[in-house]
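> this one's sequence-less:
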């Protein structure tokens, strides 16, 4: 222990009691922003490890479905019979099982309209809003009619319906490794999604008297049972989506003979439902990679619109290892398709189905957007494993299901459309097709953690748009795009909130925009693209066809990157803080080895800056008082480098050359810049310095700079020339919510008096 250290310890021993007396009555403002998440995450176990990977004892349930469906196009009614085979792979014995009855969201006893609130009635209100939000007087009557619930021998099973959940009491306990098959018969009235809203339903076209059906959440489905939550039996209230079980599907759907139908899975009986010419085109599409092939042309779709067949056709589909099933059917469908070779060797078929009202936009953009999504998502995660990916046109909804999704974006009646309609359509197709990865394959619980599918998917949506559409200028899902939202603290909930606990008008930001912005910030600024891409791919591959939780994602991203991100998850996901860093002060220093007349130095620097900046465009924004303050106040302060004391020489074996140190230090410009964290969210500091010659330079430091003092930090910067301004977050990548305090000296909207003086002098 050297003498200098001993002296320092003795000094602390003497002054510590005095410091304690002065601070005894002061409360610490430390908010533990950089402490580890610790007990906020569930403890690792043999099912889910501390690294974020599935453990050696990880298990999950399986549910297979055989369904026979009949759609009544005259009454807009769907009838179904299904056989569910449920496999208990858990270590627990089950005495009952839970089934989701999502259509009971629309039943007369639904909780959804009961928990709706309204603050006031405005002077004027749109009729549709009045009908839905105030009196809720739709004529539609929804909900399931349950015709039977029986075992595989046809014996009635005991069941209890609790709104959108149904408990089936098992005749004997279902042990580990056992399976049970049971049957459910049901029917319900299909809702008009244009009138009554919803993710599923029909649209009526009065011009030709036809219906376009997009049918989902239509059958009683097994609830998820996992090691993390047991039965996921939260009621379906409409906003939170689904927690589902993987399985195999065998589905037959009977519709009018002049309908064209698309569904989850592979079509098994093309020869029975397609014409020979359509079969030939479909086979050609499977081999064509440069552009879509029309399986059903617009001319054929228009001919179908005019027909009214009294006969029916049954379309047969099979799908393996999927968590859900959906379909779309109409006389109005045009159908195009193409093959998409992927980097890992798979070649799925990208397809679009749409009415003539979607053209010319849909035939130009839809299947291309599917292709772009399949390629980029596969590159960033894993090859798309399913045989088809389908985009279906639906005027009022964007919603995803395995292999098929429903997307909006309709041109005007004359076929024209704005850039806004085009970009909204493309982004929603990319987004909904992208959901095949999150959560259709990386199967998170949407009912609890919307961000785990919506946020991750929106992040990859933004990456796809920027990579494949160079003229796309959207900021959705970026830090800049959520900055204003994040500073409205009174309305915010943490990202780690249940879907139903977030205000509806904030849900898009909370589940989609803010998580995506956080991930873009991680990739572009905090972790750098190579580390982030590797870690995200590791997470996707670890948890594909499994049930991850938030902790699995957080831990995997750190495990695969060697970056401690607990502070980041705490700030962005568990809090409602926002990014707002103010550049509060800039102090200029110079190094000298001799005594200097400080006042003369200040005058010299003031004159030098004034002369060189007079013609600079920057000064048009700099107020005179701030400009002079930059030149005079707090600098340049003179610092003398003294000779190193003898005890340092002993410690460093006479290696210190004071003259060399002084020579290297002189001629440099030293600036102490003080930053304060107004928004509370730890963030990297990225600043741009503008120099006296008009050139610029950016510097960045990690967010850990705030680890000791969470409220204010001062950073030393060294340059070869003098600076005239400092700008925080110059590229708007951090999402700083207050740009006014990002610049030092502060800007004024009008010309500075300094420039006005120069202009008047020239006159």
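All right, it came through fine. All values derive from a computational prediction rather than experimental measurement. Numbering: from 1, shown residues only.

> Now do the strands in the stretch 251-400 of the chain.
Counting by DSSP state E, counting those that start in this stretch, the stretch 251-400 of the chain has strands at residues 260-263, 266-267, 293-296, 312-322, 327-330, 334-339, 349-354, 388-393, 399-401.

> Same check on the stretch 101-250 of the chain?
Per DSSP E, counting those that start in this stretch, the stretch 101-250 of the chain has strands spanning 145-151, 158-162, 165-174, 179-189, 201-205, 210-215, 221-222, 225-226, 230-231, 247-256. These are given in chain order.

> Of those strands, flag the one that's most buried.
When neighbours are counted by mean count of other C-beta atoms under 10 Å, the highest per-stretch mean among those falls to strand 210-215, a mean of 24. Where you see a C-beta, it was placed from the backbone N, CA and C, and this is true even at glycine.

> coming back round to it: can you list the strands of the stretch 101-250 of the chain in CSV and add mean pLDDT and distance to residue 461?
Written out in CSV, the entries for the strands of the stretch 101-250 of the chain read as follows (pLDDT from 0 to 100; distance: least, C-beta to C-beta, whole Å):
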stretch, mean pLDDT, distance to residue 461
strand 145-151, 97, 39
strand 158-162, 97, 36
strand 165-174, 97, 32
strand 179-189, 98, 32
strand 201-205, 96, 25
strand 210-215, 97, 21
strand 221-222, 97, 26
strand 225-226, 98, 27
strand 230-231, 96, 32
strand 247-256, 98, 27
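
> between those, which one is nearest to residue 589?
With C-beta to C-beta, the closest approach to residue 589 among the strands of the stretch 101-250 of the chain belongs to strand 225-226: 59.6 Å.

> Within its sheet, name the partner strands of that closest one and how each one runs.
If you go by DSSP bridges, strand 225-226 pairs up with strand 230-231 (antiparallel).

> How about residues contacting the partner strand?
Taking contacts as C-beta atoms under 8 Å, 6 or more residues apart in numbering, the residues outside strand 230-231 that touch it are 98, 223, 224, 225.

> And for the residue lying closest to the first one once chain neighbours are set aside, the neighbour number?
Right, residue 98. Distance criterion C-beta to C-beta, 6 or more residues apart in numbering; nearest residue to residue 98, sequence neighbours excluded, is residue 223 at 4.2 Å. Residue 223 has 22 neighbours, counted by other C-beta atoms under 10 Å.

> Then residue 395?
Taking other C-beta under 10 Å as the criterion, the count of residues near residue 395 is 18.

> try residue 234
Based on other C-beta under 10 Å, the number of other residues close to residue 234 is 18.

> Quick check: closest non-adjacent residue to it.
residue 447 (5.2 Å).

> so where do the helices sit in the stretch 351-500 of the chain?
361-380, 419-434, 450-468, 479-486 (DSSP state H, counting those that start in this stretch).

> Please enumerate residues in contact with the last one?
What that stands for is helix 479-486. With C-beta under 8 Å, 6+ apart as the criterion, helix 479-486 contacts 474-475, 492, 506, 509, 513-514, 517, 520-521, 576, 578-579, 679, 681, 732-737.

> In ChimeraX, how would I select just the buried ones from the residues you listed?
Applying 16 or more other C-beta atoms under 10 Å to the contacts of helix 479-486, the buried members can be selected in ChimeraX as follows:
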select :492,506,509,513,514,517,520,521,576,578,579,679,681,733,734,735,736,737
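
> biggest separation within the contacts of strand 230-231, which pair?
Farthest pair in those (C-beta to C-beta) is 98 and 224. Separation: 9.0 Å.

> pLDDT at the spatially most central residue of the chain, what is it?
For the chain, the residue lying nearest the average C-alpha position, counting by C-alpha atoms, centre = their mean, turns out to be residue 455 (1.8 Å). In this model, residue 455 is scored at 97, pLDDT.

> same question, residue 599
Reading off the per-residue confidence, residue 599 sits at a pLDDT of 51.

> now residue 29
69.

> got it, and residue 368?
Per-residue pLDDT puts residue 368 at 98.

> distance of the closest residue to it other than its chain neighbours from residue 350?
Spatial nearest neighbour of residue 368, excluding adjacent residues (C-beta to C-beta, 6+ apart): residue 292 at 7.7 Å. As defined by C-beta to C-beta, to the nearest Å, residue 292 lies at a distance of 8 Å from residue 350.

> Need the residues touching each of these two.
Between them, residue 292 and residue 350 share the contacting residues 337, 338, 367, judged by C-beta under 8 Å, 6+ apart.

> How many residues are close by the residue nearest to residue 368?
Here the neighbour count serves as a burial measure; for residue 292 (other C-beta under 10 Å) it reads 21.

> ok, now the one 3 residues further on?
Here the neighbour count serves as a burial measure; for residue 295 (other C-beta under 10 Å) it reads 25.
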